[in-house]
Each structure stands twice: as structure tokens, then as C-alpha cells.
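**Q** Got a predicted structure plus its sequence, pasted below:
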Number of protein chains: 2
Amino acid sequence: MTPATVDSPGRPTLEEVARLAGVSRATVSRVINASPKVSPEVQAVVEAAIAELNYVPNRAARSLVARATMSIALVVPEDAHRFFGDPYFADIVQGISDRLDDSDYVLNLQLTHPSSPSEKTRRYLLGGNVDGALVVSHHSGDHFLASIGQSLPVVFGGRPMGAAGTPGRPTDYYVDVDNRLGAVQGTRHLIASGRRAIGTITGPRDMPAALDREQGWRDALLEAGLSDERVAHGDFTEEGGAAAAEELLDRHRDLDAIFVASDLMASGALGILAGRGRSVPADVAVVGYDNSRYATRGPIQLTTVAQPTRQMGIAMADTLLRLLAGEQPQHVQLLPTELILRDSA
Amino acid sequence: MTPATVDSPGRPTLEEVARLAGVSRATVSRVINASPKVSPEVQAVVEAAIAELNYVPNRAARSLVARATMSIALVVPEDAHRFFGDPYFADIVQGISDRLDDSDYVLNLQLTHPSSPSEKTRRYLLGGNVDGALVVSHHSGDHFLASIGQSLPVVFGGRPMGAAGTPGRPTDYYVDVDNRLGAVQGTRHLIASGRRAIGTITGPRDMPAALDREQGWRDALLEAGLSDERVAHGDFTEEGGAAAAEELLDRHRDLDAIFVASDLMASGALGILAGRGRSVPADVAVVGYDNSRYATRGPIQLTTVAQPTRQMGIAMADTLLRLLAGEQPQHVQLLPTELILRDSA
């Protein structure tokens, strides 16, 4: 089948649906917009054609006739364990909720499958059920979320990334901190306190924030003439941080400091250090990242890089509301990080 | 203005909208259903009339023309602090997500204001944006959520309650445990171990689960001929549990056991007992409720009443899916509780 007109390569058009169903464009439009003028038989035929072609109504076309839903999706491609276990999400949701409280929009939270939303979530988001979307915890392998900004007003929490580590689109809107610079701050503090064998526990390598923090750790070491060979990979969970700490300690007997890319992982690492009788900070200094409740939960108070997570949520919601109001907010907002000094380093 | 026909007292009708806008009923219907046959001018006039009368389209009327949204709302009338802080919600969401994974529906999580959803959430839920709703953490003062089952297929997590403690409607669907019996189990265990001055820390008294647990504690004491005077009220948070424990210890010097209506509150109470040098269980035995991660987090492992929270989420989602499929599931499902014996009692 050769499409008569296409708005983007490979995307089925209204014309194709009409041709397959054997009806006019106007009839397809009426079915999409739930007009009462369409008979149940015609509706069934058109819906079958829409399903067969995987057709998603064009937003611009819909907006001519359909009313706003007055709802904004927050898309979180993580399972419930990660979502409820990491205080980052509570703070982001709190900030977004606070900002939307002053608006006419409701928040519609969509927990989707880790790394990639399901087909039904994709259809839901593109099917006119939300006016815009906020996306956090975006993983690089997810082509759908990487390109969702082409179909819907979208603001990302954290710099989005294209497939296989390619940069995001210049047209993307996002709110972030300078993760690289935050990691440089934390690692420079370890160097200034005399540490020389400084390892890192990274986040998942398909997430820009994790890659940027690893790069910042590396940059700080290299500018001081120190080795960047002590690396173990975590997954932003407490268990993952513990496993990575075991690996670092086994492989590098001289390890005297660790920069850990999240407080939750650092909490796991502190447990392993205690279990092995390594004193913190005397034997091994630890710097975390987030300044979440995990930084102050245990017996050792964590030195950590603070990011203003709740403010990031507010800024994300604010940017999306401005887009929906037809304004032109700036594409990129970087909020400041701050090193919080406590006991662990 | 006297309405020509009304489906419930005080609720504006399609006829009233048509009269105010000066158009026919059919035209109002076309605007509601976003028909392309309506001019922008007429659409604006009708939408102004809808806004002025606060008209919400009737679900039955809409369902004749509008297509299903294939989304289910989970309505949680709690702030983000409670939602993320209490593991009950993580387990409920996990269960619901697991069940919906096998369906064509997406989950649309709506965090609303504590005790009562905002007007915009009310409009959203009744405005045809979801096919059905699951409601957890329902508070008795909330008339809207108490009656939402009249407008939409709804399944409650926990027995719903009408205004001012009146029973819910016999037509309500809900999944619950027998909270009274669970509390009887926990309190009988304290009595059997020789305790005689047994207090309780309750949940918020506008929630049926909290009232039922308090009643179970009282029933077990009275059947053993013991006093039910040692009561302090909490709010299902850790801080609230700590404050209530202070109150109990100050008022009742002879206190030798506490039945606490949630593990999170019990965790707060254990902190206070430790701070006052009261040994657990030697001086004061403690039984919690939930068997959440807070039961096993601290130095003292908590004896607790387990409820199958994840299974309750699965059963709620399953019941709603059956309602949406036109089946007739049973109205009430009670899942079993189990006393888990650990160190604290």
C-alpha cells in the first residue's frame, strides 16, 4: 500500500484508514471524534481499519474538534518497587502536584514497564487522552518516549537521550541539574581530603544522569592526575549499590573512597563496608548523590550532592503549563547542585 | 430556572444547557461528543452554558456515542508524603498493576487531596475520562467518593463508609480483610502471653479499617474481662505513632502491652519505648498490623497481623475488570489475616 500523503515516514494516515475501510475521510474523522452520526456497522469497520494499520489520530487534526482533557500524564517507566523505593520519585511527584494544584489540570500518573512503555500505554498517550506529558526516569533504549515530543507537548525530567546514547533533539524541553558538575564537586571533595584510590558506583548506563555523573567523577580524577579504573555498575537500587560495593572492594584492595551516584546505592554500600569492618570515613570515605532521606537514615550521616528534586518537579509542570497555554518557555532549565558535608567524607 | 427533567436533585440537565445556550438538545449532544458538525461559534456558546451550569455529561448518555477510554483510575485521597511513606500503597499498586498487565486497560493513578478530591478531579472522573475506578484509603467525610459508585463502575479497597460513620451502600463493591478479627487475633495473643494493661494506638477515626481494628482490640479485652481505657489516636504515620505512644506512656504508668493499628505507627512507638528505656517485649509487648517492611526494619522484629495487600490489589482490579466485561462479581470479598510471631510480643 502506497500512502497518498504521509506526515512522517511510515506513519499511517487518515487517507489509508479511509481506503482500507472503504469510506470517506469525513466518516473516519467522525468515528475518531465519536460523532453520533455514524452507524454502529460503519464504526466497527473503521475501527477495524484503525487497529489493522495501527493508526494514531494526529494531534493537530484532533485539536480542531476535540476538547481538551484537562489532564497531564506523568510517565514513569519503572516498576512499582523502584517507584516507591527511591525518594526521588516522591519528591518529583510532590513538586508536580504542588504546581498543578494551582492549575485546572489533574495529574494522571502512568507507571509503565521499565525501559519501554507497553503498546496499550503508547496508544493511550497518543490517543487524545492527555493534553501533555511529563517524562521522568527515561532510558535511552526507549525510542517511543524519545520521540513522544513530536506528537504531544512533553517536558522531560532529566536530559532525554536518543537511541544508543545519541543526543536528544534540540526541540526537546527538559529540566535537569548539571549532573557532571555535581559529580565533579563530590569527587573533588574526596581528592581535597587526601584520597587517591577513588572508585565510583554508577547508575544504569542507559540513563543520561548516570552517564553524566560517571563522567564528572572521571573528569575530576583526570584533572588531578589520578586513575579512573575503579568502576562498578549499579542500578539505582540499594541492593545494586551493595553488590557494586562488594565488587569494588574485591577488585581494588587499596580503595580509600567511593563516589556513589545515588544515596540509595550509597546506603547499600555503607552496609557492605560495615560488614567488612571497614571504617567510614577513616578507611573508606563515601560521597552520595541526591540528599534524600537515605542520606540521614543510618548510623553514618552521608556527605552527598544535593539536587533540588521538588523544585525540578515544579519547574517541569510549570514549563508544560506554559506550553499548553501557547507560551514559549525556554527549552532547557538547569537547576543548581550543592555539596552537603556530613560524616561519611 | 426550573429544570424540565432531572435525574438527581440539583444536578443540571442537558435540557437546561440547551435552553441557556439557545440551541437544540441535539446540538448540545454534538458539542459534548466533539462532533465536527458544530461551528466554532455555537461550540463556544454551548461550552459557556456547560461551564455556567456546572453540567457533567451523564455516563449512560455518553456511552451511547463515546468510545471506551480503556483506562482505569486508582483514586488515592492522600498527599504524596503518606502515599510514598506507607508500604501499603506500594503493595496495592503492585497488585493492581500485575492484574492490569494481563488486560487491555492502563492504570491512571490519581493522587487527590486528603479526605476529599478537588472539584477538577471530580469533573475528570465523572467526565468520561475513565471507564471505571478503584478507590483506596477512603475517608468517611468524603461524600463524593462514597457515592461515586452511582456514576461509574467502582471497586473499593477497604469497606467504604457513608457520611459520619453510616454504613456504605449494599450495592458497593469492595475487597477487604476482616480488620476487626485481625485485631482480635493480635490482642488475644497479648492476653495469652499474660499481659493485662493493654493499650492501643488507633488509625484515623474517619477510616473504617481504623475503627474496625479498634473495635477488635476492645472486643478481645472485654471478652477477657480487661479494661479498654488505654487508647491513643494516631494517623497511620510514623510520627503519629510516636506521639500516641508518648501519650499512652504518660497517662498509663502500668501499660504492659500495645496493639498498634499499623506497622509504620508501631515503628514510631518502638522508637519512643527505646528512648524511655522500656524494654520490648519484657516491659511492654508490641503487636503491629500490616506485616510491611517496617515490621522487620529495626533492631526489634515486630510481631504483626499480616494482611495480603498485594492480593487485595489483584482482587480489586479483577473485580473491576469483571464489572467492565458485564459480569456480576460478588460485592464483598474478604481475604484472610494471619498473626506473624516475631520478637516484640
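**A** Noted; the coordinates are in hand.

**Q** Nearest residue to whatever residue of the stretch 101-250 of chain A ends up closest to chain B in space, please, no chain neighbours.
**A** Across the stretch 101-250 of chain A, the shortest distance to chain B (CB to the nearest CB) belongs to residue A:109, at 3.7 Å. In short, each C-beta sits where N, CA and C put it, glycine included. Nearest non-adjacent residue to residue A:109, counting by CB to CB, 6 or more residues apart in numbering or on different chains: residue B:109, 3.7 Å away.

**Q** Contact partners for that neighbour?
**A** Contacts for residue B:109 (CB atoms under 8 Å, 6 or more residues apart in numbering or on different chains) come out as A:108-111, B:73-74, B:76, B:93.

**Q** ok, back up a step: wait, a helix at the residue of the stretch 101-250 of chain A closest to chain B?
**A** No: Residue A:109 is assigned strand when assessed by DSSP: H, G, I helix; E, B strand; the rest coil, not a helix.

**Q** Beta-bridge partners for it, please?
**A** Here residue A:109 sits in beta bridges with residue A:74, residue B:109, going by DSSP bridges.

**Q** Domains in chain A, by residue range?
**A** The record's domain parsing of chain A by automatic domain parsing lists A:14-65, A:71-177+A:310-335, A:179-308.

**Q** Which of the helices or strands spans residue A:84?
**A** helix A:80-85 (DSSP states H and E).

**Q** so how far is that helix from its chain's centroid?
**A** Centroid displacement of helix A:80-85 relative to its chain, using CA atoms, centre = their mean, to the nearest Å, is 14 Å.

**Q** buried ones in it?
**A** A:80, A:82-85 (16 or more other CB atoms under 10 Å in any protein chain shown).

**Q** just checking: which of the residues you listed also lie near chain B?
**A** When CB under 8 Å from any CB of the partner chain is applied, the members of these adjacent to chain B are A:80, A:83-85.

**Q** lowest-confidence helix or strand of chain A?
**A** The helix or strand of chain A with the lowest confidence, counting by mean pLDDT, DSSP states H and E, is helix A:59-65 at a mean of 40.

**Q** On the strand side of things, show who residue A:339 bridges to.
**A** residue A:305.

**Q** follow-up on the earlier one: out of the contacts of residue B:109, the closest to residue B:25 would be?
**A** Closest to residue B:25 out of those is residue B:73 (29.2 Å), distances taken as CB to CB.

**Q** Now do the contacts for the closest one.
**A** Contacts of residue B:73 (CB under 8 Å, 6+ apart): B:108-110, B:125, B:130, B:132-134.

**Q** before we move on, back to that, so what does the helix holding residue A:84 touch, helix or strand wise?
**A** helix B:87-101 (3 or more CB pairs under 8 Å, 6 or more residues apart in numbering or on different chains; DSSP states H and E).

**Q** which other helices and strands contact the helix it packs on?
**A** Packed next to helix B:87-101, using 3+ CB pairs under 8 Å, 6+ apart, are helix A:80-85, strand B:71-76, strand B:106-111, strand B:132-136, helix B:309-324.

**Q** what's the closest of those to residue B:265?
**A** Of those, nearest to residue B:265 by CB to CB is helix B:309-324, at 16.1 Å.

**Q** And the pLDDT at residue A:126?
**A** At residue A:126 the predicted local confidence, pLDDT, stands at 87.

**Q** Could you do residue A:312 as well?
**A** Per-residue pLDDT puts residue A:312 at 97.

**Q** Check the gap between it and residue A:328 for me.
**A** Distance of residue A:312 to residue A:328, computed by CB to CB, to the nearest Å: 20 Å.

**Q** These two: who's more crowded?
**A** residue A:312 (24 against 7; other CB atoms under 10 Å in any protein chain shown).

**Q** Quick check: that one touching residue A:335?
**A** Yes: the criterion here is CB atoms under 8 Å, and residue A:312 meets it with residue A:335 at 6.0 Å.

**Q** shared neighbours, those two?
**A** A:175-177.

**Q** possible to save the residues you listed as CSV with distance to residue B:152?
**A** What follows is the shared contacts of residue A:312 and residue A:335, written out as CSV (distance: CB to CB, whole Å):
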residue, distance to residue B:152
A:175, 35
A:176, 39
A:177, 41
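
**Q** Save these as CSV, and put in neighbour count, distance to chain B and pLDDT too.
**A** Converted to CSV, those look like this (neighbours: other CB atoms under 10 Å in any protein chain shown; distance: CB to the nearest CB, whole Å; pLDDT from 0 to 100):
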residue, neighbour count, distance to chain B, pLDDT
A:175, 27, 18, 96
A:176, 21, 21, 94
A:177, 24, 21, 94
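
**Q** Pipe those into a markdown table and attach secondary structure per row.
**A** Below are those laid out as a markdown table (three-state DSSP):
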| residue | secondary structure |
| --- | --- |
| A:175 | strand |
| A:176 | strand |
| A:177 | strand |
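
**Q** Just give me the closest of these to residue A:324.
**A** residue A:175 (15.8 Å).

**Q** List of residues touching stretch A:86-100?
**A** Stretch A:86-100 is contacted from outside by A:72, A:74, A:76, A:78, A:82-83, A:106-107, A:109, A:134, A:136-137, A:157, A:236-237, A:262, A:264, A:290, A:292-294, A:309-318, A:321, B:79-81, B:83-85, B:111, using CB under 8 Å, 6+ apart.

**Q** Which of the residues you listed are buried? Put it as a PyMOL command.
**A** In PyMOL syntax, the buried subset of the contacts of stretch A:86-100 is picked out as below (16+ other CB under 10 Å):
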select buried, (chain A and resi 72+74+76+78+82+83+106+107+109+134+136+137+157+236+237+262+264+290+292+294+309+310+311+312+313+314+315+316+317+318+321) or (chain B and resi 80+83+84+85+111)
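
**Q** Okay, helices next: where are they in the stretch 101-250 of chain A?
**A** A:119-126, A:143-147, A:179-192, A:208-223, A:238-251 (DSSP state H, counting those that start in this stretch).
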